[in-house]
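*Asks:* Quick one: sequence plus predicted model below, questions after.
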Amino acid sequence: MNCNTPITELKGVGEKTGKLFEKIDIRTAGELLVHYPRDYESFQEPVPIAEAALGEICAVNVLVVGFPNQKKIRNLTILNVTVKDSSGAMQLTFFNMPFLKNVLKPGGCYIFRGLVQSRGAAKVMEQPQLYSKEDYRRQMGTLQPRYSLTKGLTNHAVQKAIKQTLTFYEFEAEYYPDEIVKRYQLVSPKEAICSIHFPNDGDTLTKARKRVVFDEFFSFLFLLRKNKEYSAKLANEYPMFETADTVRFLEQIPFSLTKAQKKVWQELREDMGSPNCMNRLIQGDVGSGKTIVAVLALLMCAANGYQGALMAPTEVLAVQHFENIQTYIQDYHLIFKPVLLVGSMTAKEKRAAYEKIASGEANLIIGTHALIQDKVEYHSLALVVTDEQHRFGVRQREHLAAKGKNPHVLVMSATPIPRTLAIILYGDLNISVIDELPADRLPIKNCVVNTSYRPKAYEFIAGEVAQGRQAYVICPQVCEGELEDVKNVVDYTVRLKAALPDHIQVSYLHGKMRPADKNRIMEEFAAHNIDVLVSTTVIEVGINVPNATVMMVENAERFGLATLHQLRGRVGRGAYQSYCIFVSANEKKETMERLEILNHSNDGFHIASEDLKLRGPGELFGVRQSGEFSFRNADIYADAGILKQADEAVECLLNRDESLEKPENVRLKQHILSVSGNSVDFRSI
Ligand code: ADP
Ligand code: MG
């Protein structure tokens, strides 16, 4: 069995299960093996019911009291049963598991494990797992993998398929030269994969994970290095000079640039006029004012007779940039002739846009990935700007650049990383930093509260709205799946409307809405036709509505701190005092400690690193800090040490054997070619 073997050749994976796997993009044994666990369950000692904390996953060792009560509502069977131990009682609810009626006998003794919730004054668990004492003991202390699933595919089925594959799989032989393996203490590819799925303990898991992370960084940095060599040599095909347009624009806008913005603008002008093509990153925390600097560069580009493109990771953000530019054009008579190009436009609208782009009628093209599709032909693309770069892969950035003939490249990112890491990760780019916020900003006031504070929070929001401000409420997260999230946003909005005075306009936004609807809601919010916007985290990236002053986040305990920091960045973007209310559904010490970090710091990097210090090795998979490039598993914050090692290894290797020709490097060369889809041109290294 090798990486291309179809999983349907596994015992127990028939056509039907195969289809389910296909839904999560798994067709081959190779794909199955890199479907790493989302996290690991460790089975703790059962707790007395009285001590089972609300909002936590707990196990309780209990006695069934009375017969289960079963009712049917449409096609849903609901089974309720009461259980107790010496400390108290609890209600368990099961859906569509009618057979349990015959299993759960009064007086039966079991261990149930699940999320503890409350219904009125009573504690309840919905759909808990059921164990005999012996079974539970056996699992205690081990780390059990939990996988991302799809409806119909159980965790057990995935575990079984992976176990079987691990037994028969021909693993790739070690491809790093001995020296690297020894120096960085890497476990073999086989050991890494086996232990990631079924670790004996936290220590083996850490070692296995290190290998995977090292691999990811290594090939990333290797390709980056190739890029750097390449782009350093590029001549400036589009020398540009400052014109009266940018000078006048700067005089007319109602604020003056901060010192940091001025410095970056100076760097851009120098780059675009220099003998070499620009290749630059602007790093600046949320709200530092990156957009205006990019607009200046695009304006200079248009004034020099060329086309510029601005690519954003979401439609909502692309549309916002487009509207923003339209306003600038109207207010300051700028020479931009912009077009918008996003996926949700009709075929006819897109065709019209393509024509304007190809003919050169448009000199500023704003959009999403749609900008890099084959159908788009540019007339004279000389500057490519990518906003929120960390949301794209290096590849996508390159694709857009490849649309022109070596255009200038400017990327913007709010990922808070210190300079040493930025130099490694953006090795092919020069780096500019906007390290100050506009002077009119007041620091955001934060508070961390529990759910009983909700009525007060609503009152506070109503007060801000009465003063003409707007608010975001990030809706509680639901674990079961995205559809549940949708229902939740809608339900929450209904409840929030009821709690707020009638004249306050409340609306909602979630990821499952059609892009055009999302855009419309966002536009209405920006135009202040909506006062309070209830949303999932889809608004996390880039959105700029300076009139919004309250960010209330429900279930703040479920988010990574980096995400919370980004969310908080949606307010405090204007001169008004802004507020962030983090509502936590549990009052556990660890939760409070984590949230307190946010309460006390506004430094994105500090926040992200502190967050990870509080996590164990099993919790590192699938954390997906927002703003962490496109690595599948590696996390630049948690794995900064491994990143430095991989950088050193690449450097050392290339110094000795540039084209990987020595016998000890042949396998590595093959490996890199295979992971990069043969895209490395070894001659150019
Ligand atoms: P980000 O860096 O997060 O992309 P934006 O570019 O969206 O931030 O800027 C946030 C807000 O700050 C915008 O409304 C913008 O007009 C405003 N802004 C930018 N620069 C300044 C400045 N120097 N003084 C005052 N406001 C500014
Ligand atoms: Mg931005």
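*Replies:* Yes, it's here. Ligands and ions are numbered 1, 2, ... in the order given.
*Asks:* Leu425 and Ala646, how far apart?
*Replies:* Remark: distance between Leu425 and Ala646 (CB to CB, to the nearest Å) = 11 Å. Any C-beta I mention is one placed from the backbone N, CA and C, and that applies to glycine too.
*Asks:* hang on, I meant Met272
*Replies:* Distance from Met272 to Ala646, by CB to CB: 33 Å.
*Asks:* Now do the contacts for Leu143.
*Replies:* Residues in contact with Leu143 (CB atoms under 8 Å, 6 or more residues apart in numbering) are 40-42, 199, 201-202, 205, 618.
*Asks:* List just the nearest of those to ligand 1.
*Replies:* The closest of these to ligand 1 turns out to be Gly618 (CB to the nearest ligand atom; 33.6 Å).
*Asks:* For the stretch 301-450 of the chain, give me the ranges with low pLDDT.
*Replies:* For the stretch 301-450 of the chain, residues meeting the criterion pLDDT under 70 lie at 390-401, 416.
*Asks:* State the distance from the closest residue to ligand 1 within it to Ile366.
*Replies:* Closest approach between the stretch 301-450 of the chain and ligand 1, counting by CB to the nearest ligand atom: Pro438, at 3.2 Å. Distance, Pro438 to Ile366, using CB to CB: 23 Å.
*Asks:* Lys210: what secondary structure?
*Replies:* Three-state call for Lys210 (DSSP: H, G, I helix; E, B strand; the rest coil): helix.
*Asks:* what about the residue lying closest to it once chain neighbours are set aside, distance to ligand 1?
*Replies:* Nearest residue to Lys210, sequence neighbours excluded (CB to CB, 6 or more residues apart in numbering): Ile642, at 6.1 Å. As judged by CB to the nearest ligand atom, to the nearest Å, Ile642 and ligand 1 stand 29 Å apart.
*Asks:* how many neighbours does Ile642 have?
*Replies:* 23 (other CB atoms under 10 Å).
*Asks:* And Ala499, by the same measure?
*Replies:* 16.
*Asks:* isn't it right next to Tyr458, touching?
*Replies:* Yes. Under the criterion of CB atoms under 8 Å, Ala499 makes contact with Tyr458 at 4.9 Å.
*Asks:* hey, what's in contact with both of the two?
*Replies:* Applying CB under 8 Å, 6+ apart, one finds that no residue jointly contacts Ala499 and Tyr458.
*Asks:* buried ones in stretch 342-360?
*Replies:* 342, 344-345, 350, 353-354, 356-357 (16 or more other CB atoms under 10 Å).
*Asks:* Sorry, wrong one. I was asking about stretch 103-123.
*Replies:* 104, 110-117, 123.
*Asks:* Skipping its backbone neighbours, what lies nearest Lys23 in space?
*Replies:* Going by CB to CB, 6+ apart, Lys23 has Thr150 as its nearest residue, at 4.6 Å.
*Asks:* Give me the phi and psi angles of that neighbour.
*Replies:* When quoted as degrees, to the nearest 10, the phi and psi of Thr150 stand at phi -130, psi 160.
*Asks:* just Val532 next, same as before
*Replies:* Main-chain dihedrals, Val532, degrees, to the nearest 10: phi -130, psi 130.
*Asks:* Would you mind measuring from it to ligand 1?
*Replies:* Counting by CB to the nearest ligand atom, the gap from Val532 to ligand 1 is 20 Å.
*Asks:* Is Gly287 in contact with Arg573, as I believe?
*Replies:* Yes. With contact defined as CB under 8 Å, Gly287 counts as touching Arg573 (4.9 Å).
*Asks:* Common neighbours of these two, please.
*Replies:* With CB under 8 Å, 6+ apart, Gly287 and Arg573 have common neighbours Arg441.
*Asks:* And for stretch 582-602, what's in contact with it?
*Replies:* The contact list for stretch 582-602 (CB under 8 Å, 6+ apart) reads 53-56, 443-444, 446-451, 453-454, 457, 476, 552-557, 561, 564-565, 568, 606-607, 610-611, 614.
*Asks:* The residue nearest to Asn519 when sequence neighbours are not counted: which element?
*Replies:* The shortest distance from Asn519 to any non-neighbouring residue, by CB to CB, 6+ apart, is to Val319 (4.7 Å). Taking DSSP states H and E as the criterion, Val319 maps to helix 315-332.
*Asks:* Could you list the paired strands of the helix or strand following that helix along with their orientation?
*Replies:* Toward the C-terminus, helix 315-332 is succeeded by strand 338-341 as the next helix or strand (DSSP H and E). Sheet pairing of strand 338-341 (DSSP bridges) gives strand 364-367 (parallel).
*Asks:* residues in contact with the partner strand?
*Replies:* Contacts for strand 364-367 (CB under 8 Å, 6+ apart): 298, 302, 307-312, 318, 321-322, 325, 336-342, 353, 357, 371, 378.
*Asks:* cutoff 6 Å now
*Replies:* 298, 308-310, 318, 321-322, 336, 338-342, 357 (CB atoms under 6 Å, 6 or more residues apart in numbering).
*Asks:* in the sheet, who's paired with the closest residue to Leu341 other than its chain neighbours?
*Replies:* Using CB to CB, 6+ apart and skipping residues adjacent in sequence, the residue nearest Leu341 is Gly367, 3.6 Å away. The partner list for Gly367 in beta bridges (DSSP bridges) reads Met311, Leu341.
*Asks:* What's the local residue count around Gly367?
*Replies:* 26.
*Asks:* now do Gln70
*Replies:* With other CB under 10 Å as criterion, Gln70 counts 15.
*Asks:* Check Asn406 too.
*Replies:* Using other CB under 10 Å, Asn406 has 18 neighbouring residues.
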